[in-house]
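K.L.:
Got a predicted structure plus its sequence, pasted below:
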Amino acid sequence: VTRAGTLLPTDRDDNMCRSMKDAVYGDYVPVPYNDCQAVSTFWIAHPNNALTNNAAAGSLHAGIWYIFHRQPTGLSEGALPMYESERTPLGRFFNNRVHSNGLHGLMIDDGVKYIQPTASNPQEYLAKSYGRYKPHRNADLQQPRVPAMIDRLISFKNWLEGAWVRGGDIWFDKCAFVDNGIGLTMASEGTFPHDEGSSQQVWNSIFIGESENVGSAEGSWAWGMGGVKHAERSLPQFTAFPMRGLDVYDGPILAESCTFKKYAQAPEYDRWSSAIGFHRYNAWQNSPRNNVTRAKFEDVKGRVFVGQRGLPGFSTDDRDGDKTNIVHDGDGSITGYPDTYIVRQDNYLTRNPGCVERQDWRAYVCSGKYAQLFILAQFPNTLTMSMVRDEYPDHPMTFTGPLNNGPDSHQQYQPVVMLEKSYTIHWDGRAPESLWIYPINFDSGDWVRLGLCYPPGTTFRVTYQLERRVPKAVNQDEEIYPVSTLHAVETGDGKVFYFEESSGLLFLKIRSHYYRDGHCYCSHMGCEKVVITATMTSNEISNCMASAYPKYSLTPTETVPMPSFHSMDTDCSGCGAPGPIVSDDSLRFLEVTVVSTGWEEMQRGHLSFIEVNGDRYDRYYRGFMVIVVDALSGTVTQQRTFDTYQHTEADLDMANFIRNGIPDNSIVLVAVRDESSSKAKECLAALKEIGAQEPVKTDYRGNFALVGYKGTVWPTWMQQVNLPSAQGPAQIYVKIPLMG
């Protein structure tokens, strides 16, 4: 059990946080949620640590907290480069339990303030601060991502969340979330990530809302009637708190093969719980790429609840992100309708006439193609934006934006839109002088038509840009020219605009010209955007609804027909978690030694060998030796040698063996003896596919050792040593946690 103390801001409870002001700037009063509230059993300031077989319970705030020091502080100041901890891959996380904590079971988010307080940044040194986790190989954003794997976490009876994680990629496998206020919340690296393309995922996991462990009234945060079983039990926070298993937020998040048990709406107790819910009071965004497949529900009386303003637990649930709640039911395992989307009842930007109402979920189930617009507005940045779909002109949706910055900054709006539809945008003041409009999650050829309201007499400069996110740069800047008819916009490629003076609408087709890779928000060429700079001579309020409608009103139509209903009562074959999640303290490790010797090292008496759990492989060879070990069992499955000094065919033989002869989930150990570089070419490319990094090729009679992995992730234990002749041997010793 970890309780509050006074040493650091992050050690303090709320009263300590507010009252201890000696080290802040001026008369600043600390805000507990922002500056403190981080008392944890395990406080981990660098992700490259191994956590296995631990229990963290009863802490004031969190059981296990990964928090990111943007640079080392105190006596370690200057020991690591800036941002290294935020970008370093996660060490082994396996078979940990977190329970009965005051806020979160597991927390991966936030940072620590590493500069002294100033007038513009008055918080105390080492107060809780901003941090975003983006794990990449070698802590380099321009190298491949390395997913942070959370394996076999069991999280129960935590007051707020079983786990809150922010960043990408962070993936959960074979985890259990039981009796928490919220089972799991996965938040993206940012509202429009600089490290775009990441995802948060959960597979093969179990969520339970009200287990048989009812607890006791004494010491409970709340005590009341359960919704699944008519009996009193401990409840998180307060008796009307809307418990949910998977908390859909930001995105893209993906949930596959998860089982949800014992969740029930209990309106008789003012409690609107559900197996799948949405993050409440969300001022930011929800991605239509949030996806659930192969879900299984057992004793669940509320599969989904979208929320509704005014209900207990949802009293102010009317922010921008709340309005755009959406999740994709990829296979119909939630709704019975495959390849459909669950959307909020009053969101007419996402509706069509074929949608099926689910009043008990406060939702509609709709077919269609969906994406987002990311709109940045400047000069001013304080306006409310109203967006209207031409098919539903009587149902505008308003967006206020989440930001509250200075007058020279921007505001952002992130509506979810149905593709191949037309919309108009209006403001509660004079339109912004500057707008940047990004098509987000658009595939090549996807489009929407926009009509943006401006005062009469406005002139425009409109450009199309391609923006690279990391490192940030504009790679293309192309003028968009005016045309004289709306028809020319509708039939064009998105590179023209039309301003209709009579209605005050500037018409554009927002279109993606390139394909997207994976989970990227943007195209493989960069983030496409349209930049509008408006020069206005009038201060009229830019609301053109009266002139736009009924002139541009349309009859609602479906772009994608609603699929046939599949019974929700039929068991989904192969759906849900494959088995129970059981805490296992028998984690096994593999001890590996790789020693590689070139000819010069051999003359000095060094031997070349690979040793696995004490068994040595040192057969006579020249060139490469490759040992393959099953990553689940630790069994050596194959050993081969390739003489790439003398035999040209050995190069292709070795490359083919790595690519086609080694199964996934294999540890691959590589050493060289004598000389390996003369004929090595394609085999070096194959080595990079199992974790080798440049430089892979050795010099003549050089030393090369590798501990690699064949599979879909890049484990943090992979290592490589490449030394010139006479500077070896190349040696690696590592303990590898087995995955089985």
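P.N.:
Here it is on my side, so go on. Numbers count the residues shown, from 1 in each chain.

K.L.:
Following the chain onward from the longest helix that the chain contains, which element is next?
P.N.:
Looking across the chain with DSSP state H, the single longest helix is helix 648-656. Per DSSP states H and E, helix 648-656 leads on to strand 666-674 as the next helix or strand towards the C-terminus.

K.L.:
Give the next helix or strand downstream of that next one.
P.N.:
Following strand 666-674 toward the C-terminus (DSSP H and E): helix 682-688.

K.L.:
For that following helix, give me every contacting residue.
P.N.:
624, 642, 644, 650-652, 654-655, 658-659, 670, 692, 694, 696-697, 706, 708 (C-beta atoms under 8 Å, 6 or more residues apart in numbering). Just so you know, the C-beta spots here come from the backbone N, C-alpha and C atoms, and that holds for glycine as well.

K.L.:
which of the residues you listed are buried?
P.N.:
Buried by 16 or more other C-beta atoms under 10 Å: 624, 642, 644, 650-651, 654-655, 658, 670, 692, 696, 706, 708, out of those.

K.L.:
For those, work out which two are farthest apart.
P.N.:
Greatest spatial distance in these: Ala650 and Gly708, 18.7 Å, computed using C-beta to C-beta.

K.L.:
Would you agree His210 is in contact with Arg233?
P.N.:
No His there; residue 210 is Glu. Yes: counting by C-beta atoms under 8 Å, Arg233 is a contact partner of Glu210 at 6.6 Å.

K.L.:
Spit out the residues that contact these two alike.
P.N.:
When contacts are counted by C-beta under 8 Å, 6+ apart, Glu210 and Arg233 have Gly226 as shared neighbours.

K.L.:
Where do the helices of the stretch 201-350 of the chain begin and end?
P.N.:
320-323 (DSSP state H, counting those that start in this stretch).

K.L.:
remind me which residues of the stretch 1-150 of the chain are low pLDDT?
P.N.:
1 (pLDDT under 70).

K.L.:
actually the chain, sorry about that
P.N.:
In the chain, residues with pLDDT under 70: 1, 569-571, 586-587.

K.L.:
that older thread, mind giving me the packing neighbours of the longest helix of the chain?
P.N.:
Contacting helix 648-656 under the criterion 3 or more C-beta pairs under 8 Å, 6 or more residues apart in numbering; DSSP states H and E are the following elements: strand 623-630, strand 636-642, helix 682-688.

K.L.:
Looking at the ones you listed, spot the one closest to Asp151.
P.N.:
The nearest among those, by C-beta to C-beta, is strand 623-630 at 17.1 Å.

K.L.:
Name the strands paired with that closest one and say parallel or antiparallel.
P.N.:
strand 636-642 (antiparallel), strand 666-674 (antiparallel) (DSSP bridges).

K.L.:
Of all those, which one is nearest Asn138?
P.N.:
strand 666-674 (19.2 Å).

K.L.:
What is the distance between that closest one and the centre of its chain?
P.N.:
How far strand 666-674 lies from its chain's middle: 35 Å, per C-alpha atoms, centre = their mean, to the nearest Å.

K.L.:
Check stretch 299-318 too.
P.N.:
24 Å.

K.L.:
What of stretch 614-625?
P.N.:
For stretch 614-625, the distance to the chain centre is 43 Å (C-alpha atoms, centre = their mean).

K.L.:
Kindly report the same for stretch 83-101.
P.N.:
For stretch 83-101, the distance to the chain centre is 15 Å (C-alpha atoms, centre = their mean).

K.L.:
how long is that stretch from one end to the other?
P.N.:
29 Å (C-alpha to C-alpha, to the nearest Å).

K.L.:
buried sites along that stretch?
P.N.:
For stretch 83-101, the neighbour count (16+ other C-beta under 10 Å) marks 83-101 as buried.

K.L.:
and if you look at stretch 117-133?
P.N.:
Pro117, Pro122, Gln123, Glu124, Tyr125, Leu126, Ala127, Lys128, Ser129, Gly131, Arg132, Tyr133.

K.L.:
Just the residues contacting that stretch, thanks.
P.N.:
8-10, 23-26, 28, 30, 34-38, 47, 66-70, 73, 86, 108-116, 148, 165-168, 170, 189-190, 195.

K.L.:
Give me the buried entries from these.
P.N.:
Buried among the contacts of stretch 117-133 (16+ other C-beta under 10 Å): 8-10, 24, 30, 35-38, 47, 66-70, 73, 86, 108-114, 148, 165-168, 170, 189-190, 195.

K.L.:
what's the span of stretch 109-118 from first residue to last?
P.N.:
So stretch 109-118: terminal residues 24 Å apart, C-alpha to C-alpha.

K.L.:
now do stretch 601-608
P.N.:
Termini of stretch 601-608 sit 9 Å apart (C-alpha to C-alpha).

K.L.:
Can you tell me the closest non-neighbouring residue to Leu184?
P.N.:
Spatially, and ignoring its direct neighbours in sequence, Leu184 is nearest to Ala163 (5.1 Å; C-beta to C-beta, 6 or more residues apart in numbering).

K.L.:
That neighbour pairs with what?
P.N.:
Leu106, Leu184.

K.L.:
which residues does it contact?
P.N.:
98, 104-108, 150, 153, 155, 172, 175, 177, 183-185.

K.L.:
Quick one: which of the residues you listed is the most crowded by neighbours?
P.N.:
Each of the contacts of Ala163 was scored for neighbours by other C-beta atoms under 10 Å, and Gly183 scores highest at 34 neighbours.

K.L.:
which residues sit in contact with the spatially closest residue to it that is not a sequence neighbour?
P.N.:
Spatially, and ignoring its direct neighbours in sequence, Gly183 is nearest to Phe177 (3.4 Å; C-beta to C-beta, 6+ apart). Contacts here follow C-beta under 8 Å, 6+ apart; on that basis Phe177 touches Ser155, Phe156, Gly162, Ala163, Gly183, Leu184, Ser205, Ile206, Phe207, Ile208, Gly245.

K.L.:
so when I look at Phe177, I'm seeing a helix, right?
P.N.:
No: under DSSP: H, G, I helix; E, B strand; the rest coil, Phe177 falls outside any helix and is assigned strand.

K.L.:
in stretch 529-549, what counts as buried?
P.N.:
Buried residues in stretch 529-549 (16+ other C-beta under 10 Å): Lys529, Val530, Val531, Ile532, Ala534, Met536, Glu540, Ser542, Asn543, Cys544, Ala548, Tyr549.

K.L.:
Against Asn352, how distant is the last one?
P.N.:
According to C-beta to C-beta, to the nearest Å, Tyr549 and Asn352 sit 19 Å apart.

K.L.:
re the thing from before, so which of the buried ones among the contacts of stretch 117-133 belong to strands?
P.N.:
In this view, the buried ones among the contacts of stretch 117-133 that belong to strands under DSSP state E are Tyr66, Ile67, Phe68, Ile108, Asp109, Asp110, Gly111, Val112, Ala148, Val165, Arg166, Ile170.

K.L.:
just these now: which is nearest Glu675?
P.N.:
Ala148 (39.6 Å).

K.L.:
In contact with the closest residue to that closest one other than its chain neighbours: list those residues for me.
P.N.:
Distances taken as C-beta to C-beta, 6+ apart place Leu90 nearest to Ala148, at 3.6 Å, with adjacent residues excluded. Counting by C-beta under 8 Å, 6+ apart, Leu90 touches Pro47, Asn48, Tyr66, Pro135, Val146, Ala148, Met149, Thr716.
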